[in-house]
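# Here's a sequence, model it:
(one chain, ligands or ions: 2)
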Amino acid sequence: RCARTSPATLLDMAVVLGIESSCDDTAVALVADGRVLLAETMASQADDFAAWGGVVPEIAARGHLLALPGLIDSTLAQAGLTLAAVDAVAVGAWPGLIGSLLAGVTAAKVLAARRGVPLIAVDHIQAHLAAIHLGRGDVPYPLVGLVASGGHSHYYRCLAPGRIELLGGTIDDAAGEAFDKAAATLGLGYPGGPRIDALAERGNARRFAFPRSFLADDTIRVSFAGLKTALLYQARGPLGRDPLALDEAGIADACASFQAAVIDALVGKLLLCVRREGVRTVAVGGGVACNRGLRVRLAHEASVHGLEVLLPEPRHCTDNAAMIAALGYHRWQRGEVAALDLAPLPTGTAGPRAPENRR
Ligand code: KG4
Ligand code: ZN
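Numbering: from 1, shown residues only. Ligands and ions are numbered 1, 2, ... in the order given. Next up, the predicted model:
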């Protein structure tokens, strides 16, 4: 879908070209004023990695190199624009796979230098939360944000786009990573989240009593390692090495029970953050925010507790470039422009492994 904005309207708006290449998806987007999506394209390498059971960093980096020039051209063509209409270039610069990040950062530098426009470095985790600005004029800050993706399951105090402070999160696996490993245990292939989501719809979530670590305490912590092991033993025997012991209905029940445990943990701690922070608004981003069970549960909690739950469209929950352009716009407006010697960082500045969060 491409929001058709007339060239006359665009004259008053700032157009940011965003590039995302932190993992295996290559994406390019054009966003006006940090919220109006003009065009976006994406090349997925998921099929290439299905046989490997996960992302191979060197292959991913090469995939970005091959995909980027064509995606930049086709995004501009989709919007009916040329490079002359681009006012700034934003790129996801951390965290991520270093080879993958380098491909996107290099492409962004070339475009910014050639056009003589600002280059904006964007934090991928912050961008997952800034995705709520797409298609929306008013976002009521401060709010509590949850990023639940393949690499993160963390809660943040959000003061403005790109102004976030870590409140807590997973002590081991990320929720998306747990979904992917659970799917592998159940023989469902990669990526696992969407497959478990689909099967959970017809499964019985009460069939297996899986753990919800830390749910009853008052810490902002989640853990999915024990849940993953509980599923493994249920599906493949006490040592986890037997052939799959579940039939088709049993696999659907395992998916539903596993998903319910993840949702209980994520939402339980989200509500704790809301109480502590005294906010009425929450934002949830990252690939796991596509999960239909999670979205239904969030809508329920919103009505029970009188909260506003901001969820990006599913395609802007998984990795995408529109969220990079959206946050890039806000950083640029605040004068946060990068130099052309910008170096990508495999660790982030906002996540649990950021230097300021290391204890
Ligand atoms: O945000 P994302 O695209 O990439 C990272 O930044 O990690 O998240 C990818 C993760 C994968 O682990 C994938 O299995 C999970 O999001 N995911 C889902 C769903 N769609 C994607 N998990 C649960 N339910 C879904 N529908
Ligand atoms: Zn992501």
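# Would you map the helices across the stretch 151-300 of the chain?
Secondary structure of the stretch 151-300 of the chain (DSSP state H, counting those that start in this stretch): helices at 175-185, 192-200, 225-236, 248-277, 292-305.
# now check the third one, is it near ligand 1?
No. For a cut-off given as CB under 6 Å from any ligand atom, helix 225-236 has no contacts with ligand 1; the smallest distance is 12.7 Å. Every residue, glycine included, has its C-beta placed from N, CA and C.
# How about the fourth one?
No. Using CB under 6 Å from any ligand atom, helix 248-277 stays clear of ligand 1, coming no nearer than 7.5 Å.
# between that helix and helix 175-185, how big is the angle?
170 degrees (axes from the mean of the first three to the mean of the last three CA atoms, to 10 degrees).
# Buried ones in helix 248-277, by neighbour count?
250-267, 269-270, 272-274, 277 (16 or more other CB atoms under 10 Å).
# For the residue of the stretch 251-359 of the chain found nearest ligand 2, which non-adjacent residue is spatially closest?
Distance from ligand 2 to each residue of the stretch 251-359 of the chain (CB to the ion) is smallest for residue 319, at 4.4 Å. Spatially, and ignoring its direct neighbours in sequence, residue 319 is nearest to residue 25 (4.7 Å; CB to CB, 6 or more residues apart in numbering).
# and the residue lying closest to residue 226 once chain neighbours are set aside, how many neighbours does it have?
Spatial nearest neighbour of residue 226, chain neighbours left out: residue 211 (5.1 Å); criterion: CB to CB, 6+ apart. As a burial measure, residue 211 scores 14 neighbours (other CB atoms under 10 Å).
# just for the protein, where's the confidence low?
Residues of the chain that meet the criterion pLDDT under 70 lie in 1-9, 11, 349-359.
# ok now do residue 201, which residues does it touch?
Residue 201 makes contact with 256, 292, according to CB atoms under 8 Å, 6 or more residues apart in numbering.
# Roughly how far does it sit from residue 298?
Noted for residue 201: a distance of 17 Å to residue 298, by CB to CB, to the nearest Å.
# Skip the chain neighbours and tell me the closest residue to the one residue in the stretch 101-250 of the chain that gets nearest to ligand 1.
Closest to ligand 1 within the stretch 101-250 of the chain is residue 193: 2.2 Å, counting by CB to the nearest ligand atom. Leaving out its chain neighbours, the residue that sits closest to residue 193 by CB to CB, 6+ apart is residue 179, at 4.0 Å.
# close enough to count as contact, the one you found and residue 200?
No. Between residue 179 and residue 200 there is no contact under CB atoms under 8 Å: 10.3 Å.
# so what's the residue nearest the centre of the chain up against?
In the chain, the centroid-proximal residue (CA atoms, centre = their mean) is residue 286; its distance is 2.4 Å. By CB under 8 Å, 6+ apart, the contact list for residue 286 reads 128, 146-150, 152-153, 176, 317-318.
# 7 Å instead?
Counting by CB atoms under 7 Å, 6 or more residues apart in numbering, residue 286 makes contact with 128, 147-149, 152, 176, 317.
# Likewise for residue 35?
Per CB under 7 Å, 6+ apart, neighbours of residue 35: 133-137, 326.
# That one and residue 244, how far apart?
In terms of CB to CB, residue 35 sits 46 Å off from residue 244.
# Can you list the buried residues in stretch 308-321?
309-312, 316-321.
# Ok, stretch 136-145 next?
Buried residues in stretch 136-145 (16+ other CB under 10 Å): 139, 142-145.
# can you check stretch 165-174 too?
For stretch 165-174, by 16+ other CB under 10 Å, it's 166-170, 172-174.
# and what of stretch 182-202?
So for stretch 182-202, counting by 16+ other CB under 10 Å, buried means 182-186, 188, 190-197, 199-200.
# Residue 69 belongs to a strand, doesn't it?
No. Counting by DSSP: H, G, I helix; E, B strand; the rest coil, residue 69 falls outside a strand, being helix.
# Make 16 the starting number, not 1.
That works, and once the first residue is 16, the last one we named lands at residue 84.
# give me the number of residues near it?
Neighbours of residue 84 (other CB under 10 Å): 12.
# Name the nearest residue to it, ignoring sequence neighbours.
Per CB to CB, 6+ apart, closest to residue 84 is residue 122, 7.8 Å.
# State whether the one you found and residue 32 are indeed in contact, as I suppose.
No. With contact defined as CB atoms under 7 Å, residue 122 does not count as touching residue 32 (10.0 Å).
# which of the two has more neighbours?
residue 32 (32 against 23).
# Wait, residue 252 touches residue 260, no?
Yes. In this structure, residue 252 is within contact of residue 260 by CB under 7 Å, at 6.3 Å.
# what does the chain put close to ligand 2?
Selection of the chain residues close to ligand 2 by CB under 5 Å from the ion yields 164, 334.
# what do you get if the cut-off is 8 Å, keeping everything else the same?
Residues of the chain lying close to ligand 2 by CB under 8 Å from the ion are 37-38, 139-140, 142-143, 162, 164-167, 301-302, 333-334.
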